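Visitor: this one's sequence-less:
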């Protein structure tokens, strides 16, 4: 069983940066790839980025490459998403998910999900 809890969301202005954190609890994290997703009102859930826990290989959606950075902290068991130059269209509920491969996350997400956290970017 894997538990994920997101934190760090809120209301920011366009152009600001924001760092989201996903706290991961599991018997062992080594097999997992942890990813970030978002879902805006009326839109489908969108894959953003992922990182392998064992090795730290990063994967990004083209839409956020260069603007968002995913990282992990082995000591804190967290996966972070640093979002720069935020735009109003980044407004969404952001989720983290745990799966076993990056392809699994890219194509729909893993078996485990956090509850989501709201990010609102004002213009």
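Guide: That came through, no problem. Here the structure is a predicted model, which means the values were calculated and not measured.

Visitor: surely residue 1 meets residue 28?
Guide: No: with contact defined as CB atoms under 8 Å, residue 1 and residue 28 do not form a contacting pair (11.6 Å). All C-beta spots, glycine's among them, are computed from the backbone N, C-alpha and C.

Visitor: wait, isn't residue 9 in contact with residue 19?
Guide: No: if you go by CB under 8 Å, residue 9 and residue 19 don't touch, sitting 10.1 Å apart.

Visitor: more neighbours, those two?
Guide: Applying other CB atoms under 10 Å to residue 9 and residue 19 shows that residue 9 carries more neighbours, namely 17 against 13.

Visitor: nearest residue to the more buried one in space, please, no chain neighbours.
Guide: What sits nearest to residue 9 in space, not counting adjacent residues and going by CB to CB, 6 or more residues apart in numbering, is residue 117, at 3.7 Å.

Visitor: kindly report the same for residue 49.
Guide: Using CB to CB, 6+ apart, the closest residue to residue 49 is residue 70 (4.0 Å).

Visitor: mind checking the SS state of that neighbour?
Guide: Put simply, residue 70 is strand when judged by DSSP: H, G, I helix; E, B strand; the rest coil.

Visitor: show me what it is bridged to.
Guide: Beta-bridge pairing of residue 70 under DSSP bridges involves residue 81.
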